[in-house]
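Chemist: Next come a sequence and a model predicted from it.
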Amino acid sequence: MTTSNKKEKYKVKLELFEGPLDLLLYLIKKSEVDIYDIPIESITKQYLDYMDLIKELNLNNVGEFILLASQLIYIKSQMLLPEDERGEEDEFEDPRMELVHQLLEYRKFKNAAFNLDSLQKEESKRFPRFAKIAFEESNTIKKLDVSIFELLEAFSKILDSKDLSLMHIESETITVAEKIAEFQEILKNDIQVSFNEIFKKAHSKMELICSFLAVLELIKQGEIKVIQNENFGEIILQRTMH
Amino acid sequence: MSKDKVDNSEKVPASQDIDKIKSIIEALLFASYDPLSAQKIKTIIQNDFELTTTDIKKTIYKIKEEFEAEGRGFEIVEIAGGYHIRTKKEFSKWLEILLNKRKKETLSQAALETLSIIAYRQPVTKADIEDIRGVNADGVVHKLLEKGFITIFKKKDAPSFPYYYVTSAKFLEHFGLRSLSDLPKLDHRLTLS
């Protein structure tokens, strides 16, 4: 089985989680910058760093991330134009404006989604009669307590911390399926395992990536959930109750 | 069934009827899988009792107060345009054990974002959702339809495609809302974090 085949088979749907605008909001919040005055240069750079990772993982909706990346690069180029080439003063519009509107609009609904989440949590404490039947009717959309970007960031840190040049270069073939089986075995014995822990024994970059894809696949299948005890705390993988 | 209609409408419930009506409504609420509206109750009992929806609502409030006064483990909640018997929130811990630790399903971030766009902007098309979220909406819209949180809305005098989506009664029920006007204000966060 070739590498590309494997990747094809385990393509993970990122749209299960969030999209490019969410990544951008996340970067803006993390950099603590004003949404109305986005430092395009540095935000674009950070965004492109994530793009590399997203491409590497061959996620399904990579095209949507590329679309926003090209929008960012276009804005950057507009910002670099000397003022006299931008036209008359009163005609000049900040090239970032359209993106800012898009972000604000998206954020509005992201907040609304946050509110709905609080409501659903409250309502879930009240049980109707026939609750068991209702449970059986519903199935598998799972809530991710840690965002995909925090997970990507944690994974990216792991990649950075390893000296990849010292690692084996694809000498052995490791599949995502093997990794899934391995993690299932680990979680049979322990309810929880630290996210960092599972990458410790990896011997190659391929193995690191397969491990990460295996985690995403297990989340998707609802076998594990990702939790964090405090903001920016250690990320923990936990077996879900059946 | 063949009762004289005029006779029926002139009928004013006697005091023993009032107690009986209360018990009937209680029985209906007890056995109903879905939230029951006052209108539906009115239709169910109309051959025997001529009651307005206001009368029915008053009766339901009376039952609700009785449950409350007796310190029952359940209550009547007003939800999705109707009334539903549910256990009180403070007992959730034990109900989860009874139901094998299974909490009620909670929706994913993508599903919640999509639902909020539909809820606040309905009727909307898939393209409207994609414009706001910046990602393809096929999968998540399909899932929400499948789970009954949204339905397809027929716009009068509009071509049948693209589809317009609106939220359903199940949506209101899931989030504990009486109606869409109960939705939190857009641009406002319930809790700061």
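Modeler: Received the coordinates, thanks.
Chemist: Could you use CA atoms for every contact and neighbour count after this?
Modeler: Noted.
Chemist: Tell me how many other residues crowd residue 76.
Modeler: The chain I'm using is chain A. 17 (other Cα atoms under 10 Å in any protein chain shown).
Chemist: not what I meant, chain B
Modeler: B:I76 is flanked by 23 other residues according to other Cα under 10 Å.
Chemist: Let me see the contact set for the nearest residue in space to B:S160 that is not next to it in sequence.
Modeler: Distances taken as Cα to Cα, 6 or more residues apart in numbering or on different chains put B:K154 closest to B:S160, at 7.3 Å, once the chain neighbours are dropped. Neighbouring residues of B:K154 by Cα atoms under 8 Å, 6 or more residues apart in numbering or on different chains: B:160, B:163-164.
Chemist: filter those residues to the buried ones?
Modeler: Taking 16 or more other Cα atoms under 10 Å in any protein chain shown as the criterion, what is buried in the contacts of B:K154 is B:163-164.
Chemist: Strands - which of the contacts of B:K154 land there?
Modeler: Among the contacts of B:K154, the ones falling in strands (DSSP state E) are B:Y164.
Chemist: In CSV: the contacts of B:K154, plus pLDDT.
Modeler: Shown next, in CSV, are the contacts of B:K154 (pLDDT from 0 to 100):
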residue, pLDDT
B:S160, 70
B:Y163, 88
B:Y164, 92
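Chemist: Could you see whether chain B lies near the longest helix along chain A?
Modeler: Looking across chain A with DSSP state H, the single longest helix is helix A:97-123. Yes. Interface with chain B: helix A:97-123 contributes A:102, A:105-106, A:108-123 (Cα under 8 Å from any Cα of the partner chain).
Chemist: Enumerate every residue touching the residue nearest the centre of chain B.
Modeler: Residue closest to the mean C-alpha point of chain B, counted by Cα atoms, centre = their mean, is B:A80 at 1.9 Å. Residues near B:A80 by Cα under 8 Å, 6+ apart: B:35, B:169-170, B:172-173, B:176-179.
Chemist: Quickly note the distance from it to B:D19.
Modeler: Going from B:A80 to B:D19 by Cα to Cα, to the nearest Å gives 27 Å.
Chemist: what mean pLDDT does the longest helix of chain A have?
Modeler: Helix A:97-123 shows a mean pLDDT of 93.
Chemist: Low-confidence ranges, chain A, go.
Modeler: A:1-17, A:58-60, A:83-92, A:132-145, A:164-172, A:229-233, A:241-242 (pLDDT under 70).
Chemist: Quick check on the residue most central in space within chain A: phi, psi?
Modeler: The centroid of chain A falls nearest to A:I148 when counting by Cα atoms, centre = their mean (2.7 Å). For A:I148, the backbone dihedrals (degrees, to the nearest 10) come out as phi -60, psi -30.
Chemist: Residue ranges of each domain in the chain, please.
Modeler: The chain I'm using is chain A. As given by automatic domain parsing, the domain ranges for chain A are A:18-143, A:144-242.
Chemist: that answer is for a different chain, and I need it for chain B
Modeler: B:5-98, B:109-182.
Chemist: Specify the stretch among the ones you listed that is closest to A:T44.
Modeler: domain B:109-182 (17.0 Å; Cα to Cα).
Chemist: and stretch A:39-50, C-alpha only, in PDB?
Modeler: Extracted in PDB, the C-alpha atoms of stretch A:39-50 (Å, rounded to 0.1, in the frame of the first residue of the first chain):
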ATOM      1  CA  PRO A  39      -1.600  43.100  11.200                       C
ATOM      2  CA  ILE A  40      -2.000  41.300   7.800                       C
ATOM      3  CA  GLU A  41       1.700  40.500   7.500                       C
ATOM      4  CA  SER A  42       2.000  38.500  10.700                       C
ATOM      5  CA  ILE A  43      -1.500  37.000  10.700                       C
ATOM      6  CA  THR A  44      -0.900  35.800   7.100                       C
ATOM      7  CA  LYS A  45       2.300  34.200   8.100                       C
ATOM      8  CA  GLN A  46       0.700  32.400  11.000                       C
ATOM      9  CA  TYR A  47      -2.200  31.300   8.800                       C
ATOM     10  CA  LEU A  48       0.200  29.900   6.200                       C
ATOM     11  CA  ASP A  49       2.000  27.900   8.900                       C
ATOM     12  CA  TYR A  50      -1.200  26.200   9.700                       C
END
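Chemist: And for that stretch, what's in contact with it?
Modeler: The contact list for stretch A:39-50 (Cα under 8 Å, 6+ apart) reads A:23-24, A:27-28, A:33, A:69, A:72-73, A:75-76.
Chemist: switch to 6 Å and redo it
Modeler: The contact list for stretch A:39-50 (Cα atoms under 6 Å, 6 or more residues apart in numbering or on different chains) is empty.
Chemist: Stretch B:92-99 near chain A at all?
Modeler: Yes. Applying Cα under 6 Å from any Cα of the partner chain, one finds stretch B:92-99 touching chain A at B:S92.
Chemist: So which bits of that stretch are buried?
Modeler: B:92, B:95.
Chemist: just stretch B:23-30 next, same as before
Modeler: Neighbour-count burial for stretch B:23-30, counted by 16+ other Cα under 10 Å, picks out B:25-26, B:29.
Chemist: for it, the distance to its chain's centre please.
Modeler: Remark: stretch B:23-30 is offset 17 Å from the chain centroid, using Cα atoms, centre = their mean, to the nearest Å.
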